[in-house]
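> what's the 3D shape of this:
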Amino acid sequence: MGRMKYDGSGDEIVIDDATLVHLKIVISTKLRRQESFMMTWRPIDDAVNQRRSAWIHPAIPLQFGFDTDQDHPVDPRRIHLLMEHLNATGELLLDGIASQVSQEPATM
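Numbers count the residues shown, from 1 in each chain. Below is the predicted model of the structure:
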């Protein structure tokens, strides 16, 4: 399980490494373009917050930490679907489209 740390003050967001490598590409692409967006996820073992959201902005520090030093394969279809959903809605759903996309059969 990898971790994503946003703004330096909140809790780390725990995400499996295979998903995190795809999110890193999508998020860095948006931030490189100076585009902000909403990100929503379900925290692991958080009795108070069943869902959390954060406004992701290029000026706020962001770190990605991977548990392994292995390079995970990147699925271009998964990147495309994540980006397409984010561009259509303005929100990156880590617990929705990110896990759903990994289970969809390839159509390309």
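> For the residue nearest in space to the middle of the chain, which three-state class applies?
Closest to where the C-alpha atoms of the chain average out (Cα atoms, centre = their mean) is Leu23, at 3.8 Å. The assignment at Leu23 comes out as helix when based on DSSP: H, G, I helix; E, B strand; the rest coil.
> now swap in Leu20 and tell me
helix.
> Check the gap between it and Val48 for me.
Distance, Leu20 to Val48, using Cβ to Cβ, to the nearest Å: 24 Å. All C-beta atoms are positioned from the backbone trio N, CA, C, and that covers glycine.
> The two: which is more packed in?
Leu20 (24 against 6; other Cβ atoms under 10 Å).
> which one is that one nearest to, not counting chain neighbours?
Gly2 (3.9 Å; Cβ to Cβ, 6 or more residues apart in numbering).
> State the number of residues packed around the one you found.
By other Cβ under 10 Å, the burial measure for Gly2, its neighbour count, is 21.
> What of Leu82?
Leu82 has 24 nearby residues by other Cβ under 10 Å.
> That one is in contact with Leu23, isn't it?
Yes. In this structure, Leu82 is within contact of Leu23 by Cβ atoms under 8 Å, at 7.4 Å.
> all strands of this protein, in order?
All strands of the chain, identified by DSSP state E, fall at 2-6, 13-15, 37-41, 52-56, 62-65, 91-93.
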